[in-house]
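Chemist: Got a sequence here, can you build the structure:
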Amino acid sequence: MSHEYFANCIKNNIPFLYCKFGDGEYLCMYKYNSDSTNASGVNPNDLVSNCDNDNYTKKLSKSLCKSLNYIVNFAQNYYIGEWYQEHVKKFYLSITKKQINYASYHSFLFDESDVLNNRIKHKIKAFKEIKHSNRKKIYVCNGLLIKSKILLNIDEMIRIPLNNWFDTQFDIIVGEIKSLLNGPDDDSIIMTSCGMGAKVLITELYKEYPKCTYIDIGSGLDTICTKRNTRNWDYKYEDLYKKFLEYDFIPDNWDDPKYDYIYQIAKDKLGTHLGQ
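Modeler: Numbering: from 1, shown residues only. Got it, this is the predicted structure:
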């Protein structure tokens, strides 16, 4: 599905659900839903956590399977970020028993090809539509993404720990979000950057609030908001910043010194699997 499509949906208040089931979700789901090694030769007993140190727990594994199955079989206008490995997609199909509506896994991520060509303008357009939307915008993310509030005109930020919040805080987070919504006809834009548990969160909210728009941004705003390249993209913060500036998407107070504390913490706490 094209970036222009998502931008159009946001602009015209057409609800959609987009979330990413990548390798981390796959390995977590696989760990407790298979008794053999996977196509990459990984033994389930050797699986511990994803690259963000989010643990593969039984509760999360089972919940992810239920969420994927529910979204594919019951959600309207949904899209799953397509992971590139065929054995992963085959596993997902075994869970859903139904063909999956896939969209680009990088729909709301800025990869190196975006920075090198004009495709980035289409992704920025989708984010701009979010920013200028009159609907309530709720973002579930860690506190280091605080600059997203001025980038996207976020109304409410629900802050979660960097990892391992699902097993102990899921119901609390769901309750916080529900307290901000106004019944089944609510059309808020709900965005998530909260790891594997985001998929379960989106599913549970969708069941009660199907007219909201759900966007699993994941690590998409990490680099621009924290100056930390958490996914080892082949570009630096300065490169992405120039593109955002070129397309008039940098707020006037972006470099306010009050945000300086973020950058060192992000360097120490985000993208630790990169060893940089």
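Chemist: hey, let's count contacts and neighbours off CA atoms from now on
Modeler: OK.
Chemist: residues touching the nearest residue to Arg231 once chain neighbours are set aside, list them.
Modeler: Distances taken as CA to CA, 6 or more residues apart in numbering put Gly271 closest to Arg231, at 6.7 Å, once the chain neighbours are dropped. Residues in contact with Gly271 (CA atoms under 8 Å, 6 or more residues apart in numbering) are Cys51, Asp52, Arg228, Asn229, Thr230, Arg231.
Chemist: Now the longest helix along the chain: buried residues?
Modeler: Scanning the chain for the longest helix, with DSSP state H as the assignment, gives helix 58-74. Within helix 58-74, the residues that count as buried by 16 or more other CA atoms under 10 Å are Leu60, Ser61, Lys62, Ser63, Leu64, Cys65, Lys66, Ser67, Leu68, Asn69, Ile71, Val72.
Chemist: Hmm, the third one is touching Tyr32, no?
Modeler: Read it as Lys62. Yes. At 7.3 Å, Lys62 and Tyr32 qualify as touching, with contact defined as CA atoms under 8 Å.
Chemist: if we can go back for a sec, of all the contacts of Gly271, which comes closest to Tyr18?
Modeler: Comparing the contacts of Gly271 against Tyr18 with CA to CA places Arg231 closest, at 19.9 Å.
Chemist: And for that closest one, the neighbour number?
Modeler: Number of residues near Arg231 (other CA atoms under 10 Å) recorded here: 18.
Chemist: for the chain, what are the low-confidence residue spans?
Modeler: Low-confidence segments of the chain, defined by pLDDT under 70, span residues 1, 35-40, 276.
Chemist: ok, 50 please
Modeler: Within the chain, no stretch has pLDDT under 50.
Chemist: rewinding a little: make a markdown table out of the contacts of Gly271 and add distance to Phe170 and secondary structure.
Modeler: Formatted as a markdown table, the entries for those read as follows, by distance: CA to CA, whole Å; DSSP: H, G, I helix; E, B strand; the rest coil:
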| residue | distance to Phe170 | secondary structure |
| --- | --- | --- |
| Cys51 | 21 | coil |
| Asp52 | 18 | coil |
| Arg228 | 27 | coil |
| Asn229 | 27 | coil |
| Thr230 | 24 | coil |
| Arg231 | 25 | coil |
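Chemist: Which residue is the nearest non-sequential neighbour of Phe6?
Modeler: Across the structure, with CA to CA, 6+ apart as the measure, the residue nearest Phe6 apart from its sequence neighbours is Ala126 (6.4 Å).
Chemist: The helix or strand harbouring the one you found: what's the following helix or strand?
Modeler: Remark: Ala126 resides in helix 119-132, with elements defined by DSSP states H and E. Secondary structure here is assigned by DSSP H and E; on that basis, the next helix or strand after helix 119-132 toward the C-terminus is strand 137-141.
Chemist: And whatever helix or strand comes next after that next one, what's buried?
Modeler: For strand 137-141, the succeeding helix or strand toward the C-terminus, using DSSP H and E, is helix 148-152. Neighbour counts using 16+ other CA under 10 Å place Ser148, Lys149, Leu151, Leu152 of helix 148-152 among the buried residues.
Chemist: chain center to helix 148-152: distance?
Modeler: Here helix 148-152 is found 16 Å from its chain centre; the criterion is CA atoms, centre = their mean, to the nearest Å.
Chemist: again, but for stretch 54-63
Modeler: On the basis of CA atoms, centre = their mean, the separation between the geometric centre of stretch 54-63 and that of its chain is 17 Å.
Chemist: ok, Lys31 - how many residues close by?
Modeler: When neighbours are counted by other CA under 10 Å, Lys31 registers 25.
Chemist: From Asp256, how far off is it?
Modeler: Separation of Lys31 from Asp256 (CA to CA, to the nearest Å) stands at 44 Å.
Chemist: Repeat that for His122.
Modeler: His122 is 27 Å from Asp256, where distance means CA to CA.
Chemist: higher neighbour count, these two?
Modeler: Counting neighbours by other CA under 10 Å for His122 and for Asp256 shows that His122 has the greater number, 18 against 8.
Chemist: I'm done for today, thanks for sticking with me.
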